[in-house]
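1. I would like to see how this sequence folds:
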Amino acid sequence: MSFQQPDASFPYQPPAWAEGKLTNVPTNGRLLLANLPTPIHLIGSKADGGGKNSILSRLKELNIKLYIKRDDATGGAELGGNKIRKLEFLLADALAKGCDSVVTIGGEQSNHCRATAAASRMVGMSPHLILRTRRADSIDNKTDEMGWNGNILFDRMVGSTIYTCTPGEYGRLGSNKLVDGVCSWGYINGVDELMAQMSSISSECTLDHVVFASGSGGTAAGIVLGLALAHEHNGKTPPKVHAVGVCDSPSYFYSTITTMADGMGISLDSDTTTEQFVRNSVIVHQGKGQGYASSTDEELDFILLFSLETGISLDPVYSGKALYHFLKKVVEDDPEAYRDKSILFWHTGGALGIYDKGDDLLGCLKYSDSTIRLYSFASVATSGASSAFVSGGYTTLLFASSSSSASINPNNDNLHPPPPMSQLKLKHVPNAKLYMSEPNPSWFGNSANEPNNPNWDARTKNWLQSRFHFSFAEYNSPRNVNFGVLRVMNDDFVQANRGFGTHGHSNMEIVTYVVEGSLTHQDSMGTEESLGRGSVQFMTAGKGVMHSEFNMSRDKGLRFIQTWIAPRMNGLVPNYGSFDPNTGEETVCIARNQWRHLVSDVMDTSTRTPVQIEQDANLFVAEMDQGRYLSLSLEENRMAYILCVEGSVKVKISSDGDEVNLQRHDGCEVTPISKDKGGELVFRSDEAAHVLVFEMEAVVGAGRRDI
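-> Just a heads-up that it's a prediction; the model follows:
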């Protein structure tokens with residue numbers, strides 16, 4: 001989970017395969033609003049309840065693998081869907097231009113308008129929505145027949161100013177002058193994410209077809225260009241791309257995608273036009289049926305049956321209409337062409353639109369409407385199936401033969417869970433896998449670099465060399481966003497007489513450990529101090545704080561490890577504290593070859609450390625002489641991130657003979673295989689070593705997904 005200030009914009013670095021091919025790169029950066037990467041689900045072939053109309057049974061007959069890219073999971077109910085990928089770029093551009101309001105247009109149940117309104121509020125802008133509706137005249141009559149349903153409810157909840165017009169008025173007065181290629185960069189990123197996910201599953205895992213709904217063309221442009229350029233760059237044949245238009249004609253979408261490609265500065269061979277490239281890269285299908293946002297009974301039946309067989313909700317305006325058309329029309333027109341193929345459907349969200357179709361769906365609930373009155377102590381017929389009864393804190397399995405029923409038995413002594421596993425697992429994060437950042441000195445208020453300055457350290461000719469352990473600033477990796485509550489770990493080296501000018505933070509616990517040199521800190525709370533080697537400082541950014549960090553030395557470099565930790569709550573009162581072992585205040589053991597417990601949770605009354613933060617996390621540091629051993633215990637449901645600050649150290653689990661050899665700058669993830677038990681880590685230094693360990697609550701699935 002990423003804890004990110006919504007209105008913080010970061011420089012954008014396009015994928016390598018887009019460089020030189022798409023030249024109009026967004027200059028105003030990108031916000032981090034979406035929960036990325038979104039998962040890819042492989043849909044099973046076990047049909048249940050669909051009968052002769054079963055969708056999954058038909059896929060099984062043709063041996064089709066169906067993957068779903070879940071962009072309906074990009075955010076909560078207010079943000080979920082494909083729109084948020086685009087808004088990360090559009091709103092970053094608006095903020096950079098000093099805008100304080102956002103105006104957009106869409107249908108009455110527009111997912112785009114709802115997501116735009118919510119995202120605008122998140123970044124401090126006022127949303128104004130122009131909604132096309134046949135009920136526009138009801139506003140003049142003070143009846144407001146749009147009500148409080150689906151997307152409209154969320155539009156109103158975030159305080160949108162809503163204007164209405166009829167479809168005819170929009171057709172006469174509407175325009176596309178504000179449409180450009182900025183929004184499509186969201187799906188250039190999306191394609192890069194998809195490529196990384198598929199390659200991480202298996203280098204042999206390929207897709208034959210990619211299918212998605214297309215309404216305005218922005219998502220289509222990003223996916224079409226991205227898949228074509230990425231595969232061209234890798235020297236591979238791209239999958240066949242299918243855009244299912246849910247409103248306009250195929251010619252409209254070919255033209256729109258072409259216009260957006262030109263807006264993104266596409267660079268092609270001189271004998272290929274943009275439109276030719278687009279038409280060679282995508283097949284656009286006419287899938288609007290009886291009209292935009294108008295559903296047939298067959299489409300609604302398909303949506304309900306798909307939910308019954310997979311547990312995944314499709315919306316009736318975009319994803320449901322598109323997948324229905326592709327599977328029931330395109331595939332069935334030539335089923336043998338799709339036999340033994342793999343198809344990825346890119347789910348673009350929009351489930352809130354289902355609420356507006358509630359009355360229509362009621363007439364189609366013939367597959368799944370099983371509502372039964374359950375009386376206490378009654379038997380539950382299972383008809384030969386195995387079921388699970390889930391209640392609060394326990395799950396009871398119910399086993400029944402083909403001719404019997406089984407009653408609920410929460411105390412069945414014959415059912416025993418498997419014994420808990422106590423192993424920890426280690427994942428080496430070598431220095432070579434860290435992102436190396438050497439930003440322009442002007443970004444942080446520094447004068448030009450002085451590579452020939454004799455007082456500058458030879459390790460870099462730049463004013464700053466920073467190693468990012470997690471996604472940060474210009475390094476955007478959806479597969480390496482955080483490690484539990486540890487959101488940022490930057491290993492920074494700052495040249496003499498350089499530093500970070502005054503800048504702001506909010507809603508983060510910022511912990512900084514000084515490795516070499518002297519760090520001078522100033523902040524808007526009135527703090528000003530310099531800290532040397534072995535010192536640690538913290539700052540609760542909370543409601544907002546401004547600060548600067550400088551190396552004031554004229555001839556020595558400064559190295560420090562800065563970490564950002566997600567707080568237990570937002571909006572805290574800003575705070576600052578520090579510990580300097582050079583002051584002589586013996587508040588913590590500073591001896592070598594022992595762990596120094598420097599940081600703990602302010603809510604933990606069982607321990608006292610010099611620095612306490614607003615999160616359940618601990619920082620341990622040790623400086624080890626050659627040939628020494630140290631152990632560190634991890635309790636159950638805990639995990640840790642290790643950094644070899646200096647020297648080298650071998651780490652192993654006490655019950656396991658395997659070791660991880662960490663060199664200077666290397667990291668190591670320590671996670672439990674089972675959350676039930678912990679374990680002991682053993683550190684061995686074959687040479688002098690300096691080690692830092694952040695310990696925290698375990699999170700299922702934590703860790704890098706690109707190693």
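2. Any regions of the protein where pLDDT drops low?
-> In the predicted model, the chain carries pLDDT under 70 at residues 1-3, 45-52, 138-145, 147, 171-181, 202-204, 357-422, 584-590, 655-658, 675-677.
3. For it, give the strand that spans the most residues.
-> strand 638-653 (DSSP state E).
4. what helices or strands is that strand leaning on?
-> strand 424-429, strand 486-494, strand 659-663, strand 667-672, strand 679-685, strand 689-697 (3 or more Cβ pairs under 8 Å, 6 or more residues apart in numbering; DSSP states H and E). The way it works is simple: take the backbone N, C-alpha and C, and place the C-beta from them, glycine included.
5. Export the ones you listed to JSON lines and append columns for mean neighbour count and distance to Gly311.
-> Below are the helices and strands packed on strand 638-653 laid out as JSON lines (neighbours: other Cβ atoms under 10 Å; distance: least, Cβ to Cβ, whole Å):
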{"stretch": "strand 424-429", "mean neighbour count": "18", "distance to Gly311": "30"}
{"stretch": "strand 486-494", "mean neighbour count": "22", "distance to Gly311": "31"}
{"stretch": "strand 659-663", "mean neighbour count": "18", "distance to Gly311": "39"}
{"stretch": "strand 667-672", "mean neighbour count": "23", "distance to Gly311": "28"}
{"stretch": "strand 679-685", "mean neighbour count": "19", "distance to Gly311": "36"}
{"stretch": "strand 689-697", "mean neighbour count": "22", "distance to Gly311": "29"}
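6. before we move on, what SS does Gln276 have?
-> helix (DSSP: H, G, I helix; E, B strand; the rest coil).
7. Look at it and say how many residues are nearby.
-> If you count neighbours by other Cβ atoms under 10 Å, Gln276 ends up with 12.
8. what's the answer for Val599, then?
-> So Val599, with other Cβ under 10 Å, has 27 neighbours.
9. What helix or strand is it located in?
-> strand 596-601 (DSSP states H and E).
10. What of Ile257?
-> helix 250-263.
11. so how far is that helix off the chain centroid?
-> Distance of helix 250-263 from the chain centroid (Cα atoms, centre = their mean, to the nearest Å) equals 29 Å.
12. Buried residues in that helix, which are they?
-> Pro250, Phe253, Tyr254, Thr256, Ile257, Thr258, Thr259, Met260, Ala261, Gly263 (16 or more other Cβ atoms under 10 Å).
13. ok, the closest residue to Gly349 other than its chain neighbours - contacts?
-> Leaving aside its sequence neighbours, Gly349 sits nearest to Gly81 (Cβ to Cβ, 6 or more residues apart in numbering; 2.5 Å). For Gly81, the contact set (Cβ atoms under 8 Å, 6 or more residues apart in numbering) comprises Asp71, Asp72, Thr74, Gly75, Asn111, Ala115, Thr348, Gly349, Gly350.
14. Against Leu434, how distant is Asn449?
-> Separation of Asn449 from Leu434 (Cβ to Cβ, to the nearest Å) stands at 22 Å.
15. Looking at the two, which is more packed in?
-> Legend: neighbour count by other Cβ under 10 Å for Asn449 and Leu434, higher for Leu434 (21 against 18).
16. Make sure Leu486 is actually in contact with Asn618.
-> No. In this structure Leu486 lies outside contact range of Asn618 using Cβ atoms under 8 Å: 11.4 Å.
17. after whichever strand or helix holds Met539 comes which helix or strand?
-> Assigned by DSSP H and E, Met539 belongs to strand 536-540. Next helix or strand after strand 536-540 toward the C-terminus (DSSP H and E): strand 545-551.
18. quick one, that next one and strand 536-540 angle?
-> 160 degrees (axes from the mean of the first three to the mean of the last three Cα atoms, to 10 degrees).
19. Who are the packing partners of strand 545-551?
-> Using 3+ Cβ pairs under 8 Å, 6+ apart: strand 545-551 touches strand 486-494, strand 498-505, strand 519-523.
20. Show me what counts as buried in it.
-> Val545, His547, Ser548, Glu549, Phe550, Asn551.
21. Can you list the strands that the helix or strand just after that strand pairs with?
-> Where DSSP H and E defines the elements, the next helix or strand beyond strand 545-551 is strand 558-565. Listed by DSSP bridges, the sheet partners of strand 558-565 and their directions read strand 486-494 (antiparallel), strand 509-516 (antiparallel).
22. quick one on the thing from earlier: just the CA atoms of the helix holding Ile257, as CSV, please.
-> What follows is helix 250-263, C-alpha atoms only, in CSV (Å, rounded to 0.1, in the frame of the first residue of the first chain):
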residue,chain,number,x,y,z
PRO,A,250,-15.0,2.3,-35.8
SER,A,251,-14.0,5.1,-38.1
TYR,A,252,-14.5,7.6,-35.3
PHE,A,253,-12.1,5.6,-33.0
TYR,A,254,-9.5,5.1,-35.7
SER,A,255,-9.5,8.9,-36.3
THR,A,256,-9.5,9.7,-32.5
ILE,A,257,-6.6,7.4,-31.7
THR,A,258,-4.7,8.8,-34.7
THR,A,259,-5.2,12.4,-33.4
MET,A,260,-4.1,11.4,-30.0
ALA,A,261,-1.0,9.6,-31.3
ASP,A,262,0.0,12.8,-33.2
GLY,A,263,-0.6,14.8,-30.0
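23. Mind jotting down where the helices sit in the stretch 201-350 of the chain?
-> 218-234, 250-263, 274-281, 297-310, 319-325, 331-333 (DSSP state H, counting those that start in this stretch).
24. residues in contact with the last one?
-> Translated: helix 331-333. Leu62, Ile64, Tyr338.
25. circling back: output the buried residues of strand 545-551 as TSV; include the columns distance to Leu327.
-> What follows is the buried residues of strand 545-551, written out as TSV (distance: Cβ to Cβ, whole Å):
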residue	distance to Leu327
Val545	54
His547	56
Ser548	58
Glu549	56
Phe550	61
Asn551	61
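26. can you map out the strands along the stretch 101-250 of the chain?
-> 101-107, 126-132, 161-165, 209-214, 240-245 (DSSP state E, counting those that start in this stretch).
27. ok, now which ones touch the closest residue to Met146 other than its chain neighbours?
-> Leaving aside its chain neighbours, Met146 sits nearest to Ile152 (5.4 Å; criterion: Cβ to Cβ, 6+ apart). Neighbouring residues of Ile152 by Cβ under 8 Å, 6+ apart: Glu108, Gln109, Met146.
28. And for Gly703?
-> Lys427, Phe483, Glu669, Thr671.
29. Run a quick neighbour tally on the closest residue to Tyr475 other than its chain neighbours.
-> Among residues not flanking Tyr475 along the chain, Tyr435 sits closest, at 4.0 Å (Cβ to Cβ, 6+ apart). Tyr435 has 18 neighbours, counted by other Cβ under 10 Å.
30. got the contact list for Tyr435?
-> Contacts of Tyr435 by Cβ under 8 Å, 6+ apart are Arg467, Phe468, Phe472, Tyr475, Ser477.
31. same question, Leu464
-> Ser437, Glu438, Pro439, Pro441, Phe444, Asp492, Phe493, Val494, Gln495, Arg498.
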